[in-house]
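A.B. asks: With the sequence up front, the predicted model follows.
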Amino acid sequence: TLKNLYPRGSQPEEEIPAATRKQWKKLFENGRRFLAEDQVLAADNNLRQAAELAPLHAETWYLWGLACHKLGHTGEGLKYLRRSRDLDRVPFRARSDINAVIRALAEKYSDNKKLLFIDTEHLFARNSTGGVTGADLFLEHVHFTFKGKYLVAREILNVLGQSGLNQRLDFDLDRVPDNQ
């Protein structure tokens, strides 16, 4: 999930260069406070500057992504939320590079009728406001809500139907309700 859940681990403050650490901390704390107070433009400004000073700090990117999302800059917000996920020091969620490898392998072996690929990241993005997944699909970082499970199950059934495997399994896809 990208929205509603902080990264589990960010770059420790001690790793931020000493020359910029104090300035970063002030910008970061102000940005977090402004976001909590719904002063989104001020939050965006502070968090942008904080991200420039500490480009490996996952929480800074997360908060900046939320600010952008609140401002209606969903594409930019999504980019920063993904960056936060990719920088998370406790990575329960698959990073962008891991998802890219999985997609590349699925494409490489797409002629293999024994391999069926379900791209849950894209599935959930298509079913989320602005492509940003959140608490409506995840209970926490990795487990799906009922709606998330339903979307995955429905997609599996669609892929089985497209592959023709449902006929070999004696399964009638039309018996499954199409609503959530």
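C.D. replies: Received the coordinates, thanks. Numbers count the residues shown, from 1 in each chain.

A.B. asks: Enumerate the positions of stretch 124-139 that are buried.
C.D. replies: Buried residues in stretch 124-139, counted by 16 or more other C-beta atoms under 10 Å: Phe124, Ala125, Asn127, Ser128, Gly131, Val132, Thr133, Gly134, Leu137, Phe138. Placement of C-beta: from N, CA and C, glycine included.

A.B. asks: Within the helices and strands, which one has the second one?
C.D. replies: Okay, so that is Ala125. Counting by DSSP states H and E, the element that carries Ala125 is helix 120-126.

A.B. asks: quick revisit: now, the buried residues of stretch 124-139 that are in helices?
C.D. replies: If you go by DSSP state H, the buried residues of stretch 124-139 have Phe124, Ala125 in helices.

A.B. asks: And the furthest pair within the buried residues of stretch 124-139?
C.D. replies: Pairwise distances across the buried residues of stretch 124-139 peak at 14.7 Å for Gly131 and Phe138 (criterion: C-beta to C-beta).

A.B. asks: Are we agreed that Gly65 is in a helix?
C.D. replies: Yes - counting by DSSP: H, G, I helix; E, B strand; the rest coil, one finds Gly65 located in a helix.

A.B. asks: how close does it get to Gly72?
C.D. replies: 13 Å (C-beta to C-beta, to the nearest Å).

A.B. asks: Looking at these two, which one has more neighbours?
C.D. replies: Gly65 (27 against 10; other C-beta atoms under 10 Å).

A.B. asks: And the pLDDT at that one?
C.D. replies: Here, the pLDDT recorded for Gly65 equals 95.

A.B. asks: before we move on, what about the one 10 residues further on?
C.D. replies: Listed pLDDT for Gly75 reads 90.

A.B. asks: mind checking which helix or strand it is in?
C.D. replies: Using DSSP H and E, Gly75 falls in helix 74-87.

A.B. asks: list the helices and strands the very next helix or strand once past that helix packs on?
C.D. replies: Proceeding N to C from helix 74-87, the next assigned helix or strand is helix 96-108, under DSSP H and E. Applying 3 or more C-beta pairs under 8 Å, 6 or more residues apart in numbering; DSSP states H and E, one finds that helix 96-108 makes contact with helix 74-87.

A.B. asks: between the helix it packs on and helix 96-108, how many degrees?
C.D. replies: Computed by axes from the mean of the first three to the mean of the last three C-alpha atoms, to 10 degrees, the angle separating helix 74-87 from helix 96-108 equals 100 degrees.

A.B. asks: and helix 74-87, which residues are buried?
C.D. replies: Here helix 74-87 shows Thr74, Glu76, Gly77, Leu78, Tyr80, Leu81, Arg82, Arg83, Ser84, Arg85, Asp86, Leu87 as buried, counting by 16+ other C-beta under 10 Å.
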